[in-house]
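[1] the amino acid sequence is not available; the structure is as follows:
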């Protein structure tokens, strides 16, 4: 029987959890898979995590690390360059500390994290001008690129 790469990965994962391990090592479990299969494998990993299994995951996919891991270690040339909870790491590298607002008239505004700017932000909301709002907090991939100089070296 010929199986797709996604089916093989799901089968390998099923075999790995069959005996209900307390520790599970996964090496790039979603590499090269389509988004639907990736989502299915992520769901299985999260279910296993909820059961209390300790999971060690190696991945180059920072979105995957952010989504699945409580604690991560970022490596560069085999050395740990940063570790901690993904959200905490991202906050540590938030050098800009700004809020970006897209207004209904198409204008983009950047405000610093200050009391004065908080008043401006409140005025935008009171005037119902805000279409979207985002913090400049970096994602894990941005932090990784900063710490490694953009290298994806193993």
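    Yes, it's here. For clarity, every value in this text was computed on a predicted model and none was experimentally measured.

[2] residues touching stretch 99-114, excluding its own?
    Here stretch 99-114 makes contact (Cβ atoms under 8 Å, 6 or more residues apart in numbering) with 97-98, 117, 120-121, 124, 128-136. No exception for glycine: its C-beta is placed from N, CA and C like everyone else's.

[3] what's the weakest-modelled helix or strand in the protein?
    Within the chain, confidence by mean pLDDT, DSSP states H and E is lowest for helix 5-17 among all helices and strands, at a mean of 81.

[4] after that helix, which helix or strand is next?
    Downstream of helix 5-17, the first helix or strand assigned by DSSP states H and E is strand 23-27.

[5] how about that following strand: buried residues?
    24, 26 (16 or more other Cβ atoms under 10 Å).

[6] could you do stretch 48-62 as well?
    For stretch 48-62, burial by neighbour count (16+ other Cβ under 10 Å) applies to 48-49, 53, 55, 57, 59, 61-62.

[7] now the phi/psi pair for residue 41, please.
    Main-chain torsions, residue 41, degrees, to the nearest 10: phi -70, psi -40.

[8] OK, contacts around residue 146?
    Going by Cβ under 8 Å, 6+ apart, residue 146 touches 93, 138.

[9] which strand or helix spans the residue nearest the centre of the chain?
    Central residue of the chain (Cα atoms, centre = their mean): residue 66, 2.6 Å from the mean position. Using DSSP H and E, residue 66 falls within helix 62-68.

[10] can you give me the domain boundaries for this protein?
    1-69, 81-145 (automatic domain parsing).

[11] mind putting the ones you listed into a markdown table with distance to residue 75?
    Compiled in a markdown table, the domains of the chain are given as follows (distance: least, Cβ to Cβ, whole Å):
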| stretch | distance to residue 75 |
| --- | --- |
| domain 1-69 | 9 |
| domain 81-145 | 7 |
